[in-house]
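Starting from these lines, generate the structure:
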Amino acid sequence: MFESGLAGRKAIVTGGAAGIGRATALGLAAAGAQVLIADLNQQAAEDTAAEITSDGGTAEIVVGDLSRPDTVEHVVTTATSRLGGIDILVNNAGVMDDLSATADLSDAEWERVLRINLTAPFLLTRAVLPTMTEQGAGSIVFTASEASLRGSAAGTAYTVAKHGIVGLVTSTAVMYREQGIRTNAVAPGGTATSISVDPNMASTGPAVLGAYSGNIGRIAEASELAAAIVFLASDAASNINGTILPVDNGWSAV
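Numbering: from 1, shown residues only. As a prediction, this is how the structure comes out:
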């Protein structure tokens with residue numbers, strides 16, 4: 001399932017304890033990479049790391065809030081000291097919003113979603129770029145969303161954050177391609193993960209968005225997204241840079 005050629009590569013996977021992140025951590029390890037799992041859930045991170053090591057792989061964990069600069073610094077220093085470097089960064093960690101429309105969106109919800117879904121991956125990307133630039137190579141893969149391609153897949157906060165991810169991907173791809181660094185993203189459609197949605201039923205958002213839900217199609221398994229992420233991280237995608245790859249069973253084509 002997973003592309004080969006990653007033996008010895010050092011990878012950071014955020015949100016690597018569950019869902020797409022966990023499947024990606026397992027997929028990278030199966031392809032030969034050493035993996036650092038960054039997540040808020042210590043027990044789930046330990047369980048994922050244990051599965052990797054039981055299969056003969058190498059895994060480390062860092063537990064903390066990735067929107068905090070000290071946590072980001074800890075992730076980078078741990079990857080450097082325990083794995084020996086950073087070749088791959090998978091910015092996967094994220095949360096859903098409450099589907100609020102713009103006029104109904106609270107300051108707290110806006111700040112929560114933007115902090116986790118956009119600020120955190122920016123901080124980590126910025127932190128790994130000096131290492132990747134110095135070595136003249138690196139691959140960064142983000143988990144974007146159908147909401148990064150359209151306005152009908154989520155509430156305002158999530159949609160804005162994921163559109164921001166597209167800007168971060170494309171700008172970074174252009175700025176660092178001459179340094180041998182590739183930056184891409186997958187845009188999942190409906191995917192079976194543990195991320196939950198607690199809709200704000202007082203907002204007009206849930207009713208409006210419900211009218212478009214018939215376009216989603218088949219719900220993907222997390223492993224299907226992970227396969228695409230591992231591909232983009234690998235040398236098999238060596239000339240792919242600045243791409244937002246829908247992995248959505250054609251939802252974006254409807």
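
Verify the contact between Thr243 and Val186 for me.
No - at 9.3 Å, Thr243 and Val186 do not qualify as touching, with contact defined as CB atoms under 8 Å. (Each C-beta comes from the backbone N, C-alpha and C, glycine too.)

Common neighbours of those two, please.
Taking CB atoms under 8 Å, 6 or more residues apart in numbering as the contact criterion, the common neighbours of Thr243 and Val186 are Leu232.

These two - which one has more neighbours?
Neighbours of Thr243 and Val186, each counted by other CB atoms under 10 Å, are more numerous for Val186; the result is 27 against 16.

quick one: contacts for the more buried one?
Applying CB under 8 Å, 6+ apart, the residues contacting Val186 are 141-144, 225, 228-229, 232, 244-247.

ok, it to Leu99 distance?
Relative to Leu99, Val186 is positioned 22 Å away (CB to CB, to the nearest Å).

ditto for Leu105
Distance check for Leu105 against Leu99: by CB to CB, it reads 10 Å.

So for those two, which sits in the more crowded spot?
For Leu105 versus Leu99, neighbours defined as other CB under 10 Å are more numerous around Leu99 (26 against 21).

Contact partners for that one?
154-155, 197, 199-200, 203, 205-206, 209.

which of those has the most neighbours?
Going by other CB under 10 Å, Gly155 tops the contacts of Leu99 with 28 neighbours.

Hmm, that residue is touching Gly205, no?
Yes - between Gly155 and Gly205 there is a contact under CB under 8 Å: 4.9 Å.

joint contacts of those two?
Between them, Gly155 and Gly205 share the contacting residues 98-101, judged by CB under 8 Å, 6+ apart.

what mean pLDDT would you report for the helix or strand Tyr176 falls within?
Secondary structure assignment for Tyr176, by DSSP states H and E: helix 156-176. Across helix 156-176, the average pLDDT comes to 98.

can I have that helix written out in CSV, keeping just the CAs?
The C-alpha atoms that make up helix 156-176 are tabulated as CSV, following Å, rounded to 0.1, in the frame of the first residue of the first chain:
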residue,chain,number,x,y,z
THR,A,156,-16.7,29.7,8.6
ALA,A,157,-13.8,29.2,11.1
TYR,A,158,-12.8,25.8,9.7
THR,A,159,-13.2,26.9,6.1
VAL,A,160,-11.0,30.0,6.7
ALA,A,161,-8.3,28.0,8.5
LYS,A,162,-8.2,25.4,5.7
HIS,A,163,-8.1,28.1,3.0
GLY,A,164,-5.2,29.5,5.0
ILE,A,165,-3.4,26.1,4.8
VAL,A,166,-3.6,26.3,1.0
GLY,A,167,-1.9,29.7,1.1
LEU,A,168,0.7,28.4,3.5
VAL,A,169,1.4,25.3,1.3
THR,A,170,1.7,27.2,-2.0
SER,A,171,3.8,30.1,-0.6
THR,A,172,6.2,27.7,1.2
ALA,A,173,6.5,25.6,-2.0
VAL,A,174,7.5,28.6,-4.0
MET,A,175,9.8,30.1,-1.4
TYR,A,176,11.8,27.0,-0.7
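
which parts of it are buried?
Using 16 or more other CB atoms under 10 Å as the burial criterion, the residues of helix 156-176 that qualify are 156-166, 168-170, 172-173, 176.

Same question for stretch 99-115.
Under the neighbour-count criterion of 16+ other CB under 10 Å, stretch 99-115 has 99-101, 104-105, 109-110, 112-115 buried.

Take the contacts of Leu99 and keep only those in helices.
Judged by DSSP state H, helices contain the following of the contacts of Leu99: 205-206, 209.

Pairing partners for the longest strand along the chain, with directions?
Of all the segments assigned as strand in the chain under DSSP state E, the longest by residue count is strand 181-188. Strand partners for strand 181-188, identified by DSSP bridges, are recorded as strand 138-143 (parallel), strand 244-247 (parallel).

could these go into TSV alongside distance to Leu83, mean pLDDT and mean neighbour count?
Output for those, formatted as TSV (distance: least, CB to CB, whole Å; pLDDT from 0 to 100; neighbours: other CB atoms under 10 Å):
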stretch	distance to Leu83	mean pLDDT	mean neighbour count
strand 138-143	14	98	27
strand 244-247	26	97	20
